[in-house]
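Student: my questions concern the predicted model and sequence given below.
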Amino acid sequence: MTASTHGLRLRSGSHALRAGVELLSSMRFAIALLTVICIASVIGTVLKQNEPLSNYINQFGPFWAQVFLAASLDAVYSAWWFLLILAFLVVSTSLCIARNTPRILADLRSFKENIRVQGLRAFGLRAEAPLDGEAPEAAARRIGQQLAGGGWKVKLQHREGGPDNGWMVAARAGGANKWGYIAAHGAIVLICLGGLLDGDLIVRAQTWFNGKSVYHGGGLITDVPAQHRLAVSNPTFRGNVLVPEGGQSSVAILNQGSGVLLQELPFAIELKKFIVDYYSTGMPKLFASEVVLHDLATGESKEARIEVNHPASWKGVQIYQSSFDDGGSRVKLQAMPMTAGGRRFELEGNIGGSTALSDGQDKLTLEYTALRVINVENFAGMQGSGADVRRVDLQSHLGSAATAGKSRELRNIGPSIGYKLRDASGQAREFQNYMVPVAMDEDGPPVFLLGVREQPDQPFRYLRVPADEQGAMDGYLHLRDALADEGLRRQAVDRYVARVLDPARTEQVEQLRVSATRALGLFAGVERMKPVADGALQRSAGGWQAIAEFIDLQVPEAERERAGQVLVRVVNEVLFELLNLSRERAGQAPLPMDGKSQAWLTQAVLSLSDAHFYPAPMALMLTDFTQVQASVFQVARAPGRNVVYLGCALLIVGIFAMLYVRERRLWVWVAPAAGGGSSVVMALSSNRRNQDTDREFAHLCSRLLGRAEPTKDNEP
């Protein structure tokens, strides 16, 4: 039997109906559907699924993000068109099976023993030989028994009268090849049915016909109305459950693109302990959950340990360890003012919560987003590298701990707090500050890393504030406050001038005092040097940027390099005097002018310059925390899973049967010979002609006919 690409051909009905049934049941239509499903699966594999819309906008732009959303490419496997294609594929393949199975079964029962002798001589694999001293009936029965002993199914036919007087031995083997066709096509149907059962089709059907609707709001789970909740009896679902340590939950969240549905579980999951172990790179090596499952109907309890690839199962629901998260850790923060004159204050909150803040007229909302206890970074090549300490992109310095082809010096740089400051218009900036100072260079002081980014897809940029000898930020803040104090600036200039010039040189002393005062004022941001369109002067932001603007505007080009060197030296030396004045005011001993003090001052000066670009009035530093971890479980009731497993097994069997089992048919015609005995004509047909077929026929010739070599031609 040869498989046809055509479908069922109805003999009645309209032309459109007959054409539709023929197309739907045809092999070409099924192959086309399989091709579309393969392409969609590739898209679903390459494109991250079920991500927030902002992630697609950041990666692909607004236009393509809307295209992906309109075509449901962000959730391919639950898209309506994907499920519709699966349904059509089930129908099409089922019709193909229904059309071909009767013919396959009829072909398996048939031995085709009525073939003519002349037809045997037209086969490519044939042999003719005499059997001396053996009657036709005895020879036919002997050949039939030998074939049956070799695994062939045999049928004998006795023909009398006319020229065809003798015995036809018809045999067949390899019928599993045709069963493979049925198994492979049936496997496709089962796998698609399993996919439909375990997909969102049943869940969506409840939103279409059972009065359920997707929930688009926020708030507590207990406040969500009943029309957004699915019953415990729901036959299929797949959702996520977040359970903090010491807490429990009996509701799963099913993401539905534009919102969520809540799935009631027949039990509550209580997380007793969360266990996490890390590689040296800081990546999690093991995370597991010790849980207690409480049956809500009977009160029965069951203890279980859930790990990745080791799920628990109860009440027909599989519970997988998906990931882990913060369970509402308690954090204590201290607000460090980033502008002179600001006040420090302390506040407490929970990760996932928020606090209202006020910055004069501006109202801010502080959102606690993340507490990371372990932060492992690669410090290879940092020590003694001479890297520019003004660079604030931590990633460009530290890079990924998994960078290949480079030496690695992995170091845990301690806990960090992540938060957002959201203004009244809803715009937010994200911050990440480390709890303890980090030694970036063996020759420099440890620094506090204050990270900020405008967009989620951007890397953090870090302001590096040097820690004082007590490991705190106080020394830097005292210097910053002193820089904003006009009286202290004047005293620092006087000390500097008195140190470098003889007071008797009155004219030079006054010139240096004026130059140093102006340079320090530019650095502090209190001088007006930047021209605007109307000719007025606008106050510069301060820092080294203001010094550079002053040189560009006031110094001839030929003298700029020398003037820049002089001003940088003057500013640094005056700031050293200002540093000791700030320490005296804080009741601390002055610093000696040595290499260690100079390194600290260099970093502090760069931090003061870069602080003008810090986009927040305060930096919130982590002072204490109580970590509460949480497990994220994926819970699934998947009745189609066993159906898919059965389909996979059938597919494997069917593919192997079609590829590696050859269907063969053998005919042996035994007729009386003119001089006594018998004459034999034998022919072999196979659905796949290869060397194995030739060797098998040669073996049959030798075994049945006593002849070593058959006659071989190309089959017509």
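Tutor: It's in. Residues are numbered from 1 along each chain as shown.
Student: so where's the chain uncertain?
Tutor: Across the chain, the ranges flagged by pLDDT under 70 are 1-13, 15, 162, 257, 281, 359-361, 379-408, 528-540, 707-716.
Student: in this structure, what residue sits furthest out from the centroid?
Tutor: If you look at how far each residue of the chain sits from its centre, by Cα atoms, centre = their mean, the farthest one is Gly675, at 82.3 Å.
Student: and the closest residue to Pro446 other than its chain neighbours, how far is that from Phe345?
Tutor: Excluding its sequence neighbours, the residue lying closest to Pro446 (Cβ to Cβ, 6 or more residues apart in numbering) is Pro437, at 3.5 Å. Glycine gets a C-beta too; all of them are placed from N, C-alpha and C. With distances taken as Cβ to Cβ, to the nearest Å, Pro437 is found 22 Å from Phe345.
Student: tell me which of these two has more neighbours.
Tutor: Pro437 (21 against 12; other Cβ atoms under 10 Å).
Student: my read is that that one contacts Gly444, right?
Tutor: No: under the contact definition of Cβ atoms under 8 Å, Pro437 does not touch Gly444, with a separation of 10.9 Å.
Student: tell me, what's touching these two both at once?
Tutor: By Cβ atoms under 8 Å, 6 or more residues apart in numbering, Pro437 and Gly444 have these common neighbours: Pro466.
Student: related to what we said a few turns ago, so what's the residue nearest to Pro446 up against?
Tutor: Contacts for Pro437 (Cβ under 8 Å, 6+ apart) come out as Pro445, Pro446, Val447, Phe448, Pro466, Ala467, Gly471.
Student: element containing the fourth one?
Tutor: Secondary structure assignment for Phe448, by DSSP states H and E: strand 447-453.
Student: can you report how many residues neighbour Ala574?
Tutor: Not quite, residue 574 is Val, not Ala. Val574 has 22 neighbouring residues, counting by other Cβ under 10 Å.
Student: swap that for Val232, sorry
Tutor: Neighbours of Val232 using other Cβ under 10 Å come to 16.
Student: mind listing what's buried in the lengthiest strand in the chain?
Tutor: For the chain, the strand that runs over the most residues, judged by DSSP state E, is strand 260-278. Going by neighbour count (16 or more other Cβ atoms under 10 Å), the buried part of strand 260-278 is Val260, Leu261, Leu262, Gln263, Leu265, Pro266, Phe267, Ala268, Ile269, Glu270, Leu271, Phe274.
Student: who touches the residue nearest in space to the middle of the chain in this structure?
Tutor: For the chain, the residue nearest the mean C-alpha position is Lys48 (6.0 Å; Cα atoms, centre = their mean). Applying Cβ under 8 Å, 6+ apart to Lys48 gives the contacts Asn55.
Student: how about the one 5 residues further on?
Tutor: Under the criterion of Cβ under 8 Å, 6+ apart, the contact list for Leu53 reads Ala65, Leu69.
Student: what's the distance between it and Ala589?
Tutor: Leu53 is 57 Å from Ala589, by Cβ to Cβ.
Student: could you do Arg28 as well?
Tutor: Taking Cβ to Cβ, one finds Arg28 at 90 Å from Ala589.
Student: neighbour-wise, which of those two wins?
Tutor: Set side by side, Arg28 and Ala589 show more neighbours around Arg28, with 12 against 8, by other Cβ under 10 Å.
Student: list phi and psi for the more buried one.
Tutor: Per-residue torsions, Arg28: phi -60, psi -40 (degrees, to the nearest 10).
Student: now Ile275: closest residue in space that isn't a chain neighbour?
Tutor: Nearest in space to Ile275, with sequence neighbours left out and distances taken as Cβ to Cβ, 6+ apart, is Ala288 at 4.7 Å.
Student: and the helix or strand where that neighbour lies, what's buried?
Tutor: Secondary structure from DSSP H and E places Ala288 in strand 284-295. For strand 284-295, a neighbour-count test (16+ other Cβ under 10 Å) marks Phe287, Ala288, Ser289, Glu290, Val291, Leu293, His294 as buried.
Student: tabulate those residues (CSV), appending distance to Tyr476.
Tutor: Converted to CSV, the buried residues of strand 284-295 look like this (distance: Cβ to Cβ, whole Å):
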residue, distance to Tyr476
Phe287, 38
Ala288, 43
Ser289, 43
Glu290, 45
Val291, 47
Leu293, 53
His294, 53
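Student: list just the nearest of those to Met618.
Tutor: Phe287 (34.7 Å; Cβ to Cβ).
Student: would you mind splitting the chain into its domains for me?
Tutor: Here the domain parsing of the chain from automatic domain parsing is 15-107, 116-174+662-712, 200-235+237-327+629-637, 478-620.
Student: so which of those is nearest Gln427?
Tutor: Closest to Gln427 of these, according to Cβ to Cβ: domain 478-620, at 10.8 Å.
Student: now that closest one, how far from the chain's geometric center?
Tutor: 50 Å (Cα atoms, centre = their mean, to the nearest Å).
Student: likewise stretch 422-441?
Tutor: Taking Cα atoms, centre = their mean, one finds stretch 422-441 lying 26 Å from the centre of the chain it belongs to.
Student: SS state for Leu512?
Tutor: At Leu512 the chain is in helix, as set by DSSP: H, G, I helix; E, B strand; the rest coil.
Student: quick check: closest non-adjacent residue to it.
Tutor: Excluding its sequence neighbours, the residue lying closest to Leu512 (Cβ to Cβ, 6+ apart) is Val497, at 5.3 Å.
Student: the one you found and Ser515 touch, don't they?
Tutor: No: applying Cβ under 8 Å as the test, Val497 and Ser515 come out as separate, 9.8 Å apart.
Student: which of those two has more neighbours?
Tutor: Shown here are Val497 and Ser515; by other Cβ under 10 Å, Val497 has more neighbours (22 against 15).
Student: phi, psi of that one?
Tutor: Main-chain torsions, Val497, degrees, to the nearest 10: phi -60, psi -40.
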